[in-house]
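J.: return a 3D structure for these sequence lines:
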Amino acid sequence: MNGDIVKEKQDLTYLSWTRTRNSSGTAGSFLKAYSELGGEKIYYKLSNYDAMRGVIGHECVNELIVDRLLTILGVGHLHYQLIHADILVNEQQQEVYLSASGDFKKRGESKIALDVYYDSEHREGETPLEFCVRNGWANYIYTMFVVDYLILNRDRHGANIEVLRDSQKRSIRLAPLFDHGLSLLFNCMTDERIRDYDVMEDRLTNTFIGSRSPMENLKLIPAGQFPKLNPLLPQHRDALMQGLEDVIPQNLRDKIWEMIWKRWCAYEDICNPG
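T.: Have a look, this model is predicted:
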C-alpha cells in the first residue's frame, strides 16, 4: 500500500463485511472485511456503524493519526491507510473513509490473543503485567502504557494485544501495536461535545493489563524504565494532520492536537520531575 491517504474514491462495494461487537460499550458496532490481492492480504475496517445511519464515526481517521504519531515517536506498530471508498453494507451503498492494513504475522507464525495465552500459561497468582514482564515483554508493555495515555485509548482489551508464535523456529513475540480507533475524541460527534471535551481527564478504559486508569498505568512503570521515545515537537502537528483538511473538521483536528500535545507535556513532566 502506497501513501497513507487515498482520496480518489475507490470502488470497494465487492467487500463482504462482518460485524464485531464494540467492547467499550458505545452505541453501534464495527464492521471488518479482507481481500487478497497478488498474494497480499489486506484487512479493512469501518468506523462506528449504525444500522439506521450507516457509518457515523471517525475511528478510522484516529487510526491514521495514531499511526503517524507512533512513527514520530519511534514506536513499532501496524501501519494503516485511510481510503476514500464506496462500500455496500446491508444492500445500501455509502461513501466513507475506511482503514486498510496489512498482516503483521510473518510466514510460519500463528496468533493467539494475549488474554487466552495468559489464561493457559500464567503461574498461580501471577497478574497479566507480571506475566508479561516474566516473558521479557516489559518494555513493550511500558511503551503501550505511554501510548495509551497519550491517545487515551479506551479499548486495550486482551484480544487487542496478540501473541505471535512460530513452532518451527520456537519463537514467540508480541504483535506490533494495533487497533487505536477508540481513542482521542472518537465519541465526539457534535461541535458542542468537541468544544467542551476535557483532553486531560483520566477516563476509565477497558484494559487487560494494569488498571482501568491510563494515568495510574504510568505509575506502574518502574523508575528508570520509562521507554526511550523520540520527542514530540510543536511542528509535528502539521505532520499528524496533513491531508485531513477535507476529512474531519478543523475544530476536531485542533482538539485532537491539543489532547496529544498536552498529554505529551504532562508525560515529560512525569519522566523529568523537578
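
J.: please count neighbours and contacts with C-alpha atoms only from this point.
T.: Will do.

J.: and the strands in the protein?
T.: 5-11, 18-21, 29-37, 40-45, 49-50, 54-55, 80-89, 92-101, 110-113, 155-156, 162-166, 171-174, 206-207 (DSSP state E).

J.: winner for burial among the ones you listed?
T.: Ranked by average neighbour count under the criterion mean count of other CA atoms under 10 Å, those are headed by strand 155-156 at a mean of 24.

J.: touching, Tyr44 and Tyr34? I think so.
T.: Yes: between Tyr44 and Tyr34 there is a contact at 5.6 Å, judged by CA atoms under 8 Å.

J.: quick revisit: got the strands of the chain as CSV, with mean pLDDT and distance to Leu184 columns?
T.: Below are these laid out as CSV (pLDDT from 0 to 100; distance: least, CA to CA, whole Å):
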stretch, mean pLDDT, distance to Leu184
strand 5-11, 97, 19
strand 18-21, 66, 20
strand 29-37, 87, 17
strand 40-45, 93, 18
strand 49-50, 86, 18
strand 54-55, 87, 18
strand 80-89, 96, 16
strand 92-101, 95, 16
strand 110-113, 96, 24
strand 155-156, 94, 12
strand 162-166, 96, 22
strand 171-174, 96, 24
strand 206-207, 94, 15
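
J.: among those strands, which comes closest to Ile72?
T.: Closest to Ile72 of these, according to CA to CA: strand 80-89, at 14.6 Å.

J.: next, the angle strand 40-45 makes with that closest one.
T.: Strand 80-89 runs at 70 degrees relative to strand 40-45, counting by axes from the mean of the first three to the mean of the last three CA atoms, to 10 degrees.

J.: strand 80-89 - contacts with which helices or strands?
T.: Contact partners of strand 80-89 among helices and strands, from 3 or more CA pairs under 8 Å, 6 or more residues apart in numbering; DSSP states H and E: strand 5-11, helix 59-73, strand 92-101.

J.: so how far is it off the chain centroid?
T.: How far strand 80-89 lies from its chain's middle: 18 Å, per CA atoms, centre = their mean, to the nearest Å.

J.: quick one on the thing from earlier: can you tell me which of the helices and strands packed on strand 80-89 is nearest to Thr127?
T.: Per CA to CA, nearest to Thr127 of these: helix 59-73, 27.3 Å.

J.: any buried residues in the closest one, and which?
T.: For helix 59-73, the neighbour count (16 or more other CA atoms under 10 Å) marks 59-70, 72 as buried.

J.: other SSEs contacting that helix?
T.: Against helix 59-73 (3+ CA pairs under 8 Å, 6+ apart) you get strand 80-89, strand 92-101, helix 236-241.

J.: any chance of these in TSV, plus distance to Ser213?
T.: What follows is those, written out as TSV (distance: least, CA to CA, whole Å):
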stretch	distance to Ser213
strand 80-89	26
strand 92-101	27
helix 236-241	26
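
J.: what is the neighbour count of Met144?
T.: Look at Met144: counted by other CA atoms under 10 Å, it has 21 neighbours.

J.: residues in contact with it?
T.: Shown in contact with Met144 (CA atoms under 8 Å, 6 or more residues apart in numbering): Leu177.

J.: roughly how far does it sit from Met200?
T.: 18 Å (CA to CA, to the nearest Å).

J.: out of the helices and strands packed on strand 80-89, which is closest to Arg253?
T.: Short answer: helix 59-73, nearest of those by CA to CA, at 9.9 Å.

J.: between the closest one and strand 29-37, how many degrees?
T.: If you take the same axes, to 10 degrees, helix 59-73 sits at 70 degrees to strand 29-37.
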